[in-house]
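In: Here's my sequence, what's the structure:
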Amino acid sequence: MTSRYSNLERPGLDLGALRAALCVPAGQYARLELVPRTGSTNADLVEQAGLEGTKWPDLSVLTAESQSAGRGRLDRSWVAPERSSLLVSVLLRPVNSAGRPLPTQGYPWLSLLAALALAESVEERTEVSPQLKWPNDVTVDGRKLAGILAQFVPDPRGGAPAVVVGVGLNVSLTGEELPVPTATSLLLEYAGTTDRNVLLKSFLRTFAGHYRAFCAVDGDAMAAWPEGLSLANRVSDRMATLGQEIRAELPGNEVLTGRALALDAHGALVVRNDDGERHTVSAGDVVHLRPQG
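Out: Here you go, the predicted structure:
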C-alpha cells in the first residue's frame, strides 16, 4: 500500500544528538543504540542482555526505525511502516538507593510506569492527552495510541532478573496504515509535533526520572515520591479503565464482568462482579479486557 507520506517526509532519528542529550554525563542513560530495522527491539535487547550482560548496564536503550516482528502481550503482532513510530526498548537492572535489587513483587509496575511516562511526555510535547488502559495500553478516547511490553531477563548466576520494557508509539501513521480500526496515531490526533527525536527525548527523560523515584522507594508503588504522589496514585489518576464496567476474558474461556475499582499493591486490577464479590486479576491472567457494551 502506498502512503501519501514517504520516508523522506518522515525524518530519521539522530543518534548523535540523542546520545548527547540522554547519555551520561548529560543524561541518565548508560547506552543508546539505533538500528535501521530489526525483528523486535525487545527480543534483541533481551538476547543481548543475557549474552553480554556487562555490556548492557541499567538504563540501556535500543531503538529502531522499523521492525518486522514486533510483539505485544500474548504474542500479538506489532508492525509499522519505516519511521512512522517510536520503537524503543529499555533495559532495567533495578536497585534501590542502597544498591540492593528491588523486590521482584514490584516488577509488574515497571510496564505501568513506562505507560505513565509515555502518556505524560506525549501530553507535554503534543497537547494530546492520552489515558491508560489496563494492563499495558496508552489510548486516546478509547483508541490505541501505544502498547507496552515488559519481559524478564533471568540472571544466569541466579541473582535478580533484569527487565526489558518495550514501547511502540504510533506517530505518523495514516488511517490507511493503522493495524486495526480501533488504533490511532499522533498525526491523526492533530498533535503539536510528530518529530520522533523530540518525542523520544521527552519520553526517555520522563521515564528515567520516574524510574529513579520508584527505585528510591524500593519498588513500593504505594509509597509517596518527593513530589507527594505515589506511582499507584499517578497511574490511577490517568487510567480510564478504573470506574468502568468491564469484561475480562480469562484463560479456559472464563469471563469476569463487573466494575474495575482499583489497582492493588502489585499492579493487578481489582474488579467487583455483579454479585458484589471482589476479584483480583493480574496482567498475566487476562486474554482480553474491554469495556462492556
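
In: all helices for the stretch 151-293 of the chain, in order.
Out: Using DSSP state H, counting those that start in this stretch, the helices of the stretch 151-293 of the chain run over residues 196-216, 231-238.

In: Out of these, which gets nearest to Tyr190?
Out: Closest to Tyr190 of those is helix 196-216 (C-beta to C-beta; 15.0 Å). Every C-beta, even on glycine, is put in place using the N, C-alpha and C of the backbone.

In: Neighbours of Asp237, how many?
Out: Asp237: 12 surrounding residues under other C-beta atoms under 10 Å.

In: residues in contact with it?
Out: Leu229 (C-beta atoms under 8 Å, 6 or more residues apart in numbering).

In: Let me know the pLDDT of it.
Out: At Asp237, the pLDDT value in this model is 97.

In: Next: Thr41.
Out: On the pLDDT scale, Thr41 is placed at 94.

In: Could you double-check that it lies in contact with Thr63?
Out: Yes: in terms of C-beta atoms under 8 Å, Thr41 counts as a neighbour of Thr63; the distance is 6.5 Å.

In: Find the residues that touch each one of the two.
Out: Joint contacts of Thr41 and Thr63 (C-beta under 8 Å, 6+ apart) are 35, 87-89.

In: Which of these are buried, as a PyMOL select command?
Out: Selecting only the buried entries of those in PyMOL, with 16 or more other C-beta atoms under 10 Å as the criterion:
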select buried, resi 87+88+89
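
In: picking that back up, to Leu116, which of the helices of the stretch 151-293 of the chain lies closest?
Out: Short answer: helix 231-238, nearest of those by C-beta to C-beta, at 5.3 Å.

In: can you put the shared contacts of Thr41 and Thr63 in a markdown table and add secondary structure, pLDDT and distance to Leu112?
Out: Listed next are the shared contacts of Thr41 and Thr63 as a markdown table, based on DSSP: H, G, I helix; E, B strand; the rest coil; pLDDT from 0 to 100; distance: C-beta to C-beta, whole Å:
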| residue | secondary structure | pLDDT | distance to Leu112 |
| --- | --- | --- | --- |
| Val35 | strand | 97 | 27 |
| Leu87 | strand | 96 | 20 |
| Val88 | strand | 97 | 17 |
| Ser89 | strand | 98 | 16 |
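
In: what ranges do the strands span in the stretch 51-200 of the chain?
Out: Here the stretch 51-200 of the chain has its strands, by DSSP state E, counting those that start in this stretch, at 60-64, 70-71, 77-78, 85-92, 131-133, 137-140, 143-153, 162-170.

In: Would you reformat these as JSON lines and include distance to Val287?
Out: What follows is the strands of the stretch 51-200 of the chain, written out as JSON lines (distance: least, C-beta to C-beta, whole Å):
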{"stretch": "strand 60-64", "distance to Val287": "28"}
{"stretch": "strand 70-71", "distance to Val287": "15"}
{"stretch": "strand 77-78", "distance to Val287": "16"}
{"stretch": "strand 85-92", "distance to Val287": "24"}
{"stretch": "strand 131-133", "distance to Val287": "15"}
{"stretch": "strand 137-140", "distance to Val287": "14"}
{"stretch": "strand 143-153", "distance to Val287": "15"}
{"stretch": "strand 162-170", "distance to Val287": "20"}
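
In: which one of these has the lowest average pLDDT?
Out: Lowest mean pLDDT within the strands of the stretch 51-200 of the chain: strand 70-71, a mean of 54.

In: Disregarding residues adjacent in the polypeptide, which is nearest to Ser282?
Out: Ala268 (4.5 Å; C-beta to C-beta, 6 or more residues apart in numbering).

In: rewinding a little: output the helices of the stretch 151-293 of the chain in a markdown table, with distance to Gly284 appended to each entry.
Out: Formatted as a markdown table, the helices of the stretch 151-293 of the chain follow (distance: least, C-beta to C-beta, whole Å):
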| stretch | distance to Gly284 |
| --- | --- |
| helix 196-216 | 20 |
| helix 231-238 | 18 |
